[in-house]
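Colleague: what follows is a protein structure lacking sequence information:
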RNA sequence: GCUCCCAUCGUCUAGCCCGGUCUAGGACAUCGCCUUUUCACGGCGGUAACAGGGGUUCGAAUCCCCUUGGGAGUACCA
């Protein structure tokens, strides 16, 4: 039997981090088993669903590189349509069959009547199970007549009074006691089906082989088990993955901050890093590595390595993972990403060779692509010199003014826009031999003179990237400050 | 309330199914040191966990029970 898995979001908002994670697990499983990954839109809640969100969610999935093989935009005629709102006739057909067989019944109770029943059950300490008159098969004739007369009842499924055991790939055997749920609505009075019902119909008809979803559906599954049984349908394999929680150990939601994928996308997170981190939240790599790409997992992803408990979403580690992916990226890809960023205009104005060298140097200091132009501004183009105590101390050494004077003179001889590494080396040699300065005063002195900073990257890499005009400005500023101080 | 799920460093986790190799391993964070000048890179090292209690057993992080704690579900939401 071929593997067919699905991600079935509701278009009621942006793609959530948690949703992206389950989508990813499904995608990886399909890839690992050579199966098909299907995107199905669960838009039966007309109040909250919005077609715009469907598009946005698909965009986010695409950005993450989680591409589906079938979906509303890639229909396979055998299984289409992929939006539940377009499958009403199908749900109706099966509901009619269930009513025919007395496995479900029409329910004309009003909301108020239901409330009363529920309140009474609660008062008596019972579980609120449906006990309306329509449950009684004796009233079926009356029900049919009222339907014929044009009334619009809900359709309620007759829940068998027996226990069910689910064989879950991550939770193991889960036994639901008899009477855990009462008769439940499968089709609303407005004609739209309810999640637990259409989910089963669709999974059955779309020949879904494995249902990989969040643990929040674990209790619902008993209802679905009942429907599968009533339909005499083959059960898929189930894998209920534990949930994502925030720092307060509550289910991850908007109030925990950035939980929409598009926010990370806007902040220049790398999609591969996002996928990498999300995979790790509840699943472990067999060889305990924690940096990998999606395709690295195609041969090893399995349902066997899920942890049973909820995982806390930790931005710190995500950032680190992002940095690791950034450091592995090819310079040209980074440069390409940067070329589209408005905040990188200064960087983008430089020539290709410069950019390449700068990226090699600066990515070591960055966690995000967007950190690179920031670091460039700070470490390469910065004209402002902050007179910190550490810097003042270096300027106070008797050797430093000599270095500044000497370098000032040398810089004035430079006519090219950039200093070469060879020139820098010759200055260092001069300072060492002719000025007889060595060790810390030599290196930190030169650094301070040329960069106005006490720390930073290797000068031999940094200085050839720095425009001569900027170095000259720094030198003038430093000698002026020094003179003022002396005077 | 009821039902279901879960429980290893602050966090993500390995180990648990098939008890001994676990004085419990890795990663993030944190702290310290090193890296022929510095450093946010890198390297080395430190602090830090089997929720509690009972069993079973020669032996339990691993199996069983209870307690506690956390999460989820209990809709004509998904």
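Modeller: It's in. All figures in this text were calculated on a predicted structure; none of them were measured in a lab. Numbering: from 1, shown residues only, chains lettered A, B, ... in the order given.
Colleague: dig out what residue A:105 forms beta bridges with.
Modeller: Under the criterion DSSP bridges, residue A:105 forms beta bridges with residue A:156.
Colleague: so it makes contact with residue A:137?
Modeller: Yes. Counting by CB atoms under 8 Å, residue A:105 does reach residue A:137; the two are 7.4 Å apart. Glycine gets a C-beta too; all of them are placed from N, C-alpha and C.
Colleague: so for the two, which sits in the more crowded spot?
Modeller: residue A:105 (22 against 11; other CB atoms under 10 Å).
Colleague: distance check, the more buried one against RNA strand B.
Modeller: For residue A:105, the distance to RNA strand B equals 12 Å [CB to the nearest atom of the strand, to the nearest Å].
Colleague: cool, and residue A:237?
Modeller: 16 Å.
Colleague: for that residue, which non-adjacent residue is spatially closest?
Modeller: residue A:210 (4.7 Å; CB to CB, 6 or more residues apart in numbering).
Colleague: could you do residue A:216 as well?
Modeller: Leaving out its chain neighbours, residue A:216 is closest to residue A:243 (CB to CB, 6+ apart), at 6.3 Å.
Colleague: neighbours of residue A:410, how many?
Modeller: So residue A:410, with other CB under 10 Å, has 16 neighbours.
Colleague: list the contacts for it?
Modeller: Residue A:410 makes contacts with A:423, A:427, as judged by CB atoms under 8 Å, 6 or more residues apart in numbering.
Colleague: please, which helix or strand holds it?
Modeller: According to DSSP states H and E, residue A:410 maps onto helix A:399-413.
Colleague: return the list of helices and strands in contact with the following helix or strand past that helix.
Modeller: Later in the chain than helix A:399-413, the nearest helix or strand by DSSP H and E is helix A:421-433. With contacts defined as 3 or more CB pairs under 8 Å, 6 or more residues apart in numbering; DSSP states H and E, the secondary structure elements packing on helix A:421-433 are helix A:399-413, helix A:439-451, helix A:459-462.
Colleague: can you list contacts of helix A:421-433?
Modeller: A:403, A:406-407, A:410, A:414, A:437-438, A:442, A:445-446, A:459-460, A:463-464.
Colleague: do stretch A:141-152 as well
Modeller: Residues contacting stretch A:141-152 (CB under 8 Å, 6+ apart): A:105, A:106, A:108, A:134, A:153, A:189, A:190, A:191.
Colleague: in JSON lines, list those residues along with secondary structure and pLDDT.
Modeller: What follows is the contacts of stretch A:141-152, written out as JSON lines (DSSP: H, G, I helix; E, B strand; the rest coil; pLDDT from 0 to 100):
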{"residue": "A:105", "secondary structure": "strand", "pLDDT": "96"}
{"residue": "A:106", "secondary structure": "strand", "pLDDT": "96"}
{"residue": "A:108", "secondary structure": "coil", "pLDDT": "94"}
{"residue": "A:134", "secondary structure": "helix", "pLDDT": "93"}
{"residue": "A:153", "secondary structure": "coil", "pLDDT": "95"}
{"residue": "A:189", "secondary structure": "coil", "pLDDT": "94"}
{"residue": "A:190", "secondary structure": "coil", "pLDDT": "92"}
{"residue": "A:191", "secondary structure": "coil", "pLDDT": "92"}
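Colleague: which of the residues you listed count as buried?
Modeller: A:105, A:106, A:108, A:134, A:153, A:189 (16 or more other CB atoms under 10 Å).
Colleague: ok, these vs RNA strand B, which is closest?
Modeller: residue A:189 (3.6 Å; CB to the nearest atom of the strand).
Colleague: does that closest one touch residue A:154 like I think?
Modeller: Yes. Shown here, residue A:189 and residue A:154 form a contact pair, counting by CB under 8 Å, at 4.5 Å.
Colleague: around RNA strand B, which positions in the stretch 101-250 of chain A sit nearby?
Modeller: A:107, A:109-111, A:114, A:118, A:125, A:127-128, A:153-154, A:171-172, A:174-177, A:180-181, A:184-185, A:188-190, A:192, A:194-196, A:215-220, A:242-243, A:245, A:249-250 (CB under 7 Å from any atom of the strand).
Colleague: name only those of the residues you listed that count as buried.
Modeller: Buried among these (16+ other CB under 10 Å): A:107, A:109, A:114, A:153-154, A:171, A:174, A:176, A:180-181, A:184-185, A:188-189, A:192, A:194-196, A:215, A:217-218, A:220, A:242-243, A:245.
Colleague: among those, which lie within strands?
Modeller: A:107, A:154, A:174, A:176, A:184, A:185, A:245 (DSSP state E).
Colleague: just the strands in the stretch 1-150 of chain A please.
Modeller: Here the stretch 1-150 of chain A has its strands, by DSSP state E, counting those that start in this stretch, at A:4-7, A:36-39, A:104-107.
Colleague: quick one: buried residues of stretch A:399-415?
Modeller: A:399, A:400, A:401, A:402, A:403, A:404, A:406, A:407, A:408, A:410, A:411.
Colleague: whoops, I mixed them up, stretch A:89-107
Modeller: Quick answer for stretch A:89-107 (16+ other CB under 10 Å): A:90, A:91, A:94, A:95, A:98, A:99, A:103, A:104, A:105, A:106, A:107.
Colleague: cool, stretch A:274-292 as well?
Modeller: Residues of stretch A:274-292 classed as buried: A:274-283, A:285, A:291-292 (neighbour count, 16+ other CB under 10 Å).
Colleague: what stretches of chain A score poorly on pLDDT?
Modeller: Residues of chain A meeting the criterion pLDDT under 70: A:482-487.
Colleague: which ones are touching residue A:258?
Modeller: Contacts of residue A:258 by CB under 8 Å, 6+ apart are A:264, A:267, A:315.
Colleague: run the last query once more with 7 Å
Modeller: residue A:264 (CB atoms under 7 Å, 6 or more residues apart in numbering).
Colleague: helix or strand for it, which one?
Modeller: Going by DSSP H and E, residue A:258 is not in any helix or strand.
Colleague: among the contacts of helix A:421-433, which two are most distant?
Modeller: Taking CB to CB as the measure, the contacts of helix A:421-433 span a maximum distance of 24.9 Å, between A:414 and A:438.
Colleague: longest helix anywhere in chain A?
Modeller: helix A:468-486 (DSSP state H).
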